[in-house]
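J.: got a predicted structure plus its sequence, pasted below:
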Amino acid sequence: MLGLNKKDTSLLVIVAALVMFAPFILNPFPSDSGLAQFNAGYPDLMQRFVIFGIFAIGFNILFGLTGYLSFGHAAFLGVGSYSAVWMFKLLSMNVIPAIALAIVVSGLFAVLIGFVSLRRSGIYFSILTLAFAQMSFNLAYSVLTPITNGETGLQLTLNDPRILGESATADGSIPVTSLFGLEMRSTYEMVVGPWAFQFNAGYYLCGIIMLLAFYLSIRIFRSPFGMMLRAIKSNQTRLNYTGLNPRPYALAAFVISGMYAGLAGGLMASMDPLAGAERMQWTASGEVVLMTILGGTGTLIGPVLGAGFIKYFENIFSKINDTVLHNWFSFMPDGLEDFVVFLIHPFIGKGWHLTLGILFMLVVTFLPGGLVEGGQRISRMVKKKSDDDTNAKTTPAE
Amino acid sequence: MSKTNMTRRGVLKTGAVASAGVALPTIFTASSAAAYTNEPTGPNVTLGFNVPQTGPYADEGADELRAYELAVEHLNGGGDGGMMNTFSSKALQGNGIMGKKVDFVTGDTQTKSDAARASAKSMIEKDGAVMITGGSSSGVAIAVQGLCQEAGVIFMAGLTHSNDTTGKDKKANGFRHFFNGYMSGAALAPVLKNLYGTDRNAYHLTADYTWGWTQEESIAAATEALGWNTVNKVRTPLAATDFSSYIAPVLNSGADVLVLNHYGGNMVNSLTNAVQFGLREKIVNGKQFEIVVPLYSRLMAKGAGENVKGIHGSTNWHWSLQDDASKAFVKSFGTKYGFPPSQAAHTVYCQTLLYADACERAGTHNPCGVAEALEGFEFDGLGNGKTLYRAEDHQCFKDVLVVRGKENPTSEFDLLEVVEVTPASQVTYAPDHPMFAGGALGTCNAG
């Protein structure tokens, strides 16, 4: 189907099903139970899952295929966000021009940075990209304040021109982002017994765009161009000796990957029309590296899983506080309860970084192929159990 | 070159996906039946406390969280009732808000607009919070205020001192109890004039974001009106931890007053650096070199230790105030946590009480009703004397304290002494004052 082989088609279908039914899948616990704390099926987080999924998919096209570790990818995300918000300020609240401009501007930006950075490889490339990203961050933070509004972040106001739309709605508030009238924030809530499932227009737009991005990434992975990128990763010197110039290919991968990041940034701004400089900070660049490695570098689905994993921790674990813990362990005797809460305390709330760090260490140590390798091991174990005598052929991590 | 293999399963799968896709647009059209965003229908009402738990303002955030928990306890009838007993409005019964028990959720803003909005969004979308409060940074407060306006919930600003919060970025759903940069300038100027005279050269170091900018503007305007000269204004990144490179140029600038438009960890570090460079022992232009910290708090004084002695600034509230309300608050906070509250704790405690009281008086949690109850509300007994929530910009007008780092502290909390209480009339400005112009409240949004 769609020019994909059978395995890739089923992967795409599975991802599509996951994206479409995410409001159900991510809301397994009834909203009145104590476990509702772990529900992730609310629009904002689901949007983040798919948007950072796009970001990580794009990053993986560069890092997973060519092996070039860019440590400044957040710069493109930030540039995309700023472009999109400016489009909302100047043109209209329709998300299409905003996203389009975000992709174009981040693409141009990527050509510029890639052209310079790709003259070096390995650690030097990483440092160059990091330097560019930090430069962009500092520019956005202070020097370019008229364009970026500095630390406060670029926001919409009632005085923006919005030449194709309206500066303010009839009731005097700032108009909301929409897709030809379909408001991005409109949410339909389906109440089934104790469960409340939320279907959000913005989420489904992001979801559909992520599926397109995912499909495109499969096609790139399976194309001769993808093969060439892999050649760069395995032995660039040999490519040079055979008379091929690898740099245009690497640059193309870099630009594509930058455009993916810009798309993610544009979508972020479309869901929530605000762009802050911290989106470009090196920690944000590091985050996408973590996502990709955690999920499985060079695999198709890995980055998406990694993105979901990290965003889940950031948003769910950081919101567990001591009061919640006391509720959970209220069945214990008083002294024991306080002790258990004291033990868990460093790992929740503001300590979510610690929990994530430990999990990251465990994954990298025991599953170098990331979460995807974990999945493969489990499926292999299940397969072995079902037919022990047939030699189960292992599939490479892809 | 593609070949089509139709299998029963394949057709079923494709059919299911396609029909789901076709069905999708129809479910967007309906909207929820509630009258306003997150209308509390059960026995509980949820408030969202969104404070920095990490980053340069983490100390303030932690203290805010303590005050919120105390406020919730008091609202639900626990503890000794704190300032509920001294509050001039007697609508609160100690049975929650309108008989609904108050629940709360917390989040970490990380002092980043993005993270703060994500956290606030999850409170609104997931936890059903009907009011969001908090923020220890004006950038964050403004970002979250904008979000609350869009989402249709009330935002009760915490520690935010920028003129913009109730100036050009004001919103109909946002309310601020804390004072602002203009008020600091207006309160400090007469004191500075008495202390340091009218012939001074000021050098500003400013945290590079909305709060720093507006405070710098306010202080510069107020001091220039005294006859002071502003030598230079230097912006420093919020994330900076070492200010040596910014302090060194001050020495050769010819300035004899350093104004630190820094807050929290920033101020602790910059003041420490300035003292280490020996600025306070310098004699410039024949005058003793002075340092001014326009926005002061006890937590900062604690962080900077010895260095704050004799340094002047302004503050919203201080625990050593001797009115009944302040004493009641200090007592119940101290009983629960073992130390006196900071001004951040005080303002968020007040905000929570004010919100609950407005709900009771309005008889609804509907943001529009609550906003109406808060607009033009005059009250007393929350530690600041008579206070007005002005309807035009949702800013509270009350007395401002000018404080000084104490020379001989008697305890680790007794770090600041009140030099002067500037009456509210002296810090009041017109709603269309140029420093606050350019924005509009818009209309209240109930979602």
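T.: Received, thanks. Residues are numbered from 1 along each chain as shown, chains lettered A, B, ... in the order given.
J.: for the residue in the stretch 151-300 of chain B that chain A sits nearest to, give me its contacts.
T.: In the stretch 151-300 of chain B, the residue that lies nearest chain A is residue B:209 (3.2 Å; C-beta to the nearest C-beta). Where C-beta positions appear, they are placed from N, C-alpha and C, glycine not excepted. Taking C-beta atoms under 8 Å, 6 or more residues apart in numbering or on different chains as the definition of contact, the neighbours of residue B:209 are A:150, A:151, A:152, B:137, B:138, B:139, B:238.
J.: redo that, cut-off 10 Å
T.: Taking C-beta atoms under 10 Å, 6 or more residues apart in numbering or on different chains, we find residue B:209 in contact with A:141-142, A:145, A:149-153, A:277, B:111, B:113, B:137-140, B:142, B:162, B:235, B:237-238.
J.: what ranges in chain A fall below the confidence cut-off?
T.: Within chain A, the set of residues satisfying pLDDT under 70 comprises A:1, A:387-398.
J.: need the longest helix for it.
T.: Taking DSSP state H as the assignment, the helix of chain A that covers the most residues is helix A:247-271.
J.: direction included, what does the helix or strand that comes right after it pair against?
T.: From helix A:247-271 onward toward the C-terminus, using DSSP states H and E, the following helix or strand is strand A:274-275. According to DSSP bridges, strand A:274-275 forms sheet pairs with strand A:154-155 (antiparallel).
J.: residues in contact with the nearest residue to residue A:318 once chain neighbours are set aside?
T.: By the measure of C-beta to C-beta, 6 or more residues apart in numbering or on different chains, the closest residue to residue A:318 outside its immediate chain neighbours is residue A:352, 4.3 Å from it. Contacts were defined as C-beta under 10 Å, 6+ apart; by that measure residue A:352 touches A:313, A:314, A:315, A:316, A:317, A:318, A:319, A:320, B:54, B:108.
J.: show me the residues you listed that map onto helices.
T.: Secondary structure of the contacts of residue A:352 is defined by DSSP H; positions in helices are A:313, A:314, A:315, A:316.
J.: need the contact list for the closest residue to residue B:73 other than its chain neighbours.
T.: Spatial nearest neighbour of residue B:73, excluding adjacent residues (C-beta to C-beta, 6+ apart): residue B:79 at 4.7 Å. In this structure, residue B:79 makes contact with B:70, B:71, B:72, B:73, B:94, B:332, B:333, B:335, B:336, judged by C-beta under 10 Å, 6+ apart.
J.: of the residues you listed, buried ones?
T.: Those of the contacts of residue B:79 that meet the buried threshold are B:70, B:71, B:72, B:73, B:332, B:333, B:336, by 16 or more other C-beta atoms under 10 Å in any protein chain shown.
J.: sorry, back to before: restrict the ones in helices among the contacts of residue A:352 to those near chain B?
T.: Applying C-beta under 10 Å from any C-beta of the partner chain, the subset of the ones in helices among the contacts of residue A:352 adjacent to chain B comprises A:314, A:315, A:316.
J.: residue A:45: which of those is nearest?
T.: Looking at these and their distance to residue A:45, the nearest is residue A:315, at 5.1 Å (C-beta to C-beta).
J.: measure that closest one to residue A:261 for me?
T.: According to C-beta to C-beta, to the nearest Å, residue A:315 and residue A:261 sit 21 Å apart.
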